[in-house]
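Asks: show me how the following folds:
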Amino acid sequence: MKRQGCALLLICALALMSMLAPAAEPASAPRSEAGGILLLDIKGGIGPATRDYMQRGLKTAAERQAAAVVLRIDTPGGLDAAMRDINQAILASKVPVIGWVAPQGARAASAGTYILYACHVAAMAPATSMGAATPVAIGAPAAAPPPEEGREQPAGDEGATSGNGRETQDRPAMQAPARREGSAMERKAVNDAVAYLRSLGELRGRDVAFAEAAVRDAATLSAEQALSRRVVDIVAADLPSLLRQTDGREVEVDGRAWKLAVDSAEVVPWPPDWRARLLGVLTEPTVAYLLLLVGLYGLVIEAYTPGALFPGVTGAICLLLALYALQVLPVNYAGVALIVLGVGLMAAEFALPSFGSLGIGGVVALVAGSLLMFDSDVPGFGLPGRLVLGIAVASSLAFMGLVWLAARARRRPVVTGREALLGHRAVAVGDFDGRGEVRIRGEVWQAVSAAPVRRGQAVRVRSMQGLVLEVAPDEAPAPDGGTP
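Replies: Now for the predicted structure:
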């Protein structure tokens, strides 16, 4: 069993490596000469995997002395901590970073807006959008209160907010009643986000009025609106157009002036390496949730079947991977505790006669913990409702099936132990008067009888004293020549 378990784990590891193999490591990508351009992609929710990928990509660009980094963005948002780490890497980069919301139909929402503001050059493709940068507290309602009734929300209306910042001075007084509706923690989160995005706008010379509107009112802009409001510098439909319009611009990089020369530079795509892909898979909320369940169920199965080894080994590995993923994800640990409690209650149901109360409570705790485990308001970091429903139904069916099997087993006659021998017919091995031997179920037992017994005579077991059967002659003849 140990060898089988180790072999299966080795096969799983090789299969995982083969799946990740197509995304070659950056070292295997064609190396550009000094002055080339690295093309990085932010696609999907921004989390620990995106942060690791960006930090490694910017470091590689600096080592290669690249002319620039083009950061292609298409994201609904993500985690605040990961976004701030990415922005710190961009601000400390020794290579200019060109943020480009692309392809057409893409968006830089929520955390993507902060990253676009931090880039040295900001660009968008036609039919793209940005904004809606209101922070969402984990396990709490959205931080930004709704705008006051009757006041137009500046979500992309060019006349709603001017770019000179004069209207911004009046905004706190206009929004004070709405902001008081939120809690102190919500106001702190919103004010901190406003200050952070405004500071990025001031650093890059971009519209700070929209920065505040994007946080307080979840305002959004299309590509053309963002260009007219000086939120972005360029609108480019494709990469060659982006490089032509960017060429010759002067930006400040690491405290010194840098004139971009990118029109004729080689563009080298920089896909995520196996490490970033593996981290991305592990930190998917769905994967982390399933790893946690597999780990818990594996340990429970090992506890009920000691020596099986494979469930225990698999459960321990999955549980450790789940704990690693959970410590970098926006997790509500009350939900995790409820999931652990639910699995424990369902496991205890088979050891304690609770008539289903522990099992039902375990299913309820499992479902409640699954719903509370991740905050669905954080873009890209929620559990699908169908998955939670499927896990709940599967757990309930498995629990009810085991309860049905246990109830059916209670109604079946006893076939082993002391009770199975009482009343059963046996055959005398030889003649005896008092103490002798009988054959029952293919086994020879010591027996005592108050009446004489002849060889091959059928006897009936009346009682059992230790390992000695008390028998009495049976009037019915033994079938098949003396074998019961």
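Asks: can you give me the strands for the stretch 101-250 of the chain?
Replies: Taking DSSP state E, counting those that start in this stretch as the criterion, the stretch 101-250 of the chain carries its strands at 107-109, 121-124, 129-131, 220-222, 234-235, 250-253.
Asks: closest one to residue 96 among those strands?
Replies: Smallest distance to residue 96 across these (C-beta to C-beta): 5.0 Å, for strand 250-253. All C-beta spots, glycine's among them, are computed from the backbone N, C-alpha and C.
Asks: what helices and strands are in contact with the helix or strand that the closest one is followed by?
Replies: The helix or strand immediately downstream of strand 250-253 is strand 256-259, counting by DSSP states H and E. If you count contacts as 3 or more C-beta pairs under 8 Å, 6 or more residues apart in numbering; DSSP states H and E, strand 256-259 packs onto strand 250-253.
Asks: buried residues in the strand it packs on?
Replies: 251, 253 (16 or more other C-beta atoms under 10 Å).
Asks: does anything pack onto that strand? Which helices or strands?
Replies: Strand 250-253 packs on strand 256-259, going by 3+ C-beta pairs under 8 Å, 6+ apart.
Asks: got a list of contacts for the strand it packs on?
Replies: With C-beta atoms under 8 Å, 6 or more residues apart in numbering as the test, strand 256-259 has contacts from 96, 120, 248-252.
Asks: ok, the helix or strand following it: who's next to it in the sheet?
Replies: Downstream of strand 256-259, the first helix or strand assigned by DSSP H and E is strand 267-269. Strand pairing for strand 267-269, determined by DSSP bridges: strand 37-43 (parallel).
Asks: gap between the strand it pairs with and the chain center?
Replies: 24 Å (C-alpha atoms, centre = their mean, to the nearest Å).
Asks: likewise stretch 106-120?
Replies: 24 Å.
Asks: which of the contacts of strand 256-259 sits closest to residue 76?
Replies: Closest to residue 76, out of all of the contacts of strand 256-259 and judged by C-beta to C-beta, is residue 120, at 23.9 Å.
Asks: in this structure that closest one contacts residue 98, no?
Replies: Yes: the criterion here is C-beta atoms under 8 Å, and residue 120 meets it with residue 98 at 6.9 Å.
Asks: quick one: residue 322 from residue 295, how far?
Replies: As judged by C-beta to C-beta, to the nearest Å, residue 322 and residue 295 stand 6 Å apart.
Asks: one step back: now tabulate the strands of the stretch 101-250 of the chain in a markdown table and tack on mean pLDDT and distance to residue 389.
Replies: Formatted as a markdown table, those follow (pLDDT from 0 to 100; distance: least, C-beta to C-beta, whole Å):
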| stretch | mean pLDDT | distance to residue 389 |
| --- | --- | --- |
| strand 107-109 | 93 | 28 |
| strand 121-124 | 96 | 39 |
| strand 129-131 | 94 | 32 |
| strand 220-222 | 95 | 33 |
| strand 234-235 | 96 | 44 |
| strand 250-253 | 92 | 51 |
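Asks: now for these, which one comes closest to residue 317?
Replies: strand 107-109 (36.1 Å).
Asks: list the buried residues for that closest one?
Replies: Residues 107-109 are the ones in strand 107-109 that count as buried (16+ other C-beta under 10 Å).
Asks: could you check the pLDDT of the residue nearest the centre of the chain?
Replies: The C-alpha lying nearest the average C-alpha coordinate of the chain belongs to residue 285 (C-alpha atoms, centre = their mean; 1.7 Å). pLDDT for residue 285: 85.
Asks: wait, it touches residue 388, no?
Replies: No: assessed by C-beta under 8 Å, residue 285 is found out of contact with residue 388, at 11.3 Å.
Asks: OK, contacts around residue 446?
Replies: Contact analysis of residue 446 by C-beta under 8 Å, 6+ apart lists 435-437, 467-469.
Asks: show me which of the residues you listed are buried.
Replies: For those, a neighbour count by 16+ other C-beta under 10 Å gives the buried set as 436, 469.
Asks: sorry, back to before: which ones are touching the residue nearest to the centre of the chain?
Replies: Contacts for residue 285 (C-beta under 8 Å, 6+ apart) come out as 329, 373-374, 381-383.
Asks: closest one of these to residue 229?
Replies: Distance to residue 229 across those (C-beta to C-beta) is lowest for residue 381, with 29.9 Å.
Asks: how many neighbouring residues does residue 71 have?
Replies: By other C-beta atoms under 10 Å, 27 other residues sit near residue 71.
Asks: who does residue 252 form a beta bridge with?
Replies: Bridge pairing for residue 252 - DSSP bridges - gives residue 257.
Asks: how close does it get to residue 91?
Replies: In terms of C-beta to C-beta, residue 252 sits 11 Å off from residue 91.
Asks: equivalent analysis for residue 463, please.
Replies: Separation of residue 463 from residue 91 (C-beta to C-beta): 89 Å.
Asks: coming back round to it: need phi/psi at the residue nearest to the centre of the chain.
Replies: Backbone torsions of residue 285, given as degrees, to the nearest 10, read phi -50, psi -40.
Asks: for it, which non-adjacent residue is closest in space?
Replies: Closest residue to residue 285 apart from its sequence neighbours, by C-beta to C-beta, 6 or more residues apart in numbering: residue 374 at 5.0 Å.
Asks: what does the model give that neighbour for pLDDT?
Replies: 78.
Asks: that one touches residue 383, doesn't it?
Replies: Yes: between residue 374 and residue 383 there is a contact under C-beta under 8 Å: 5.5 Å.
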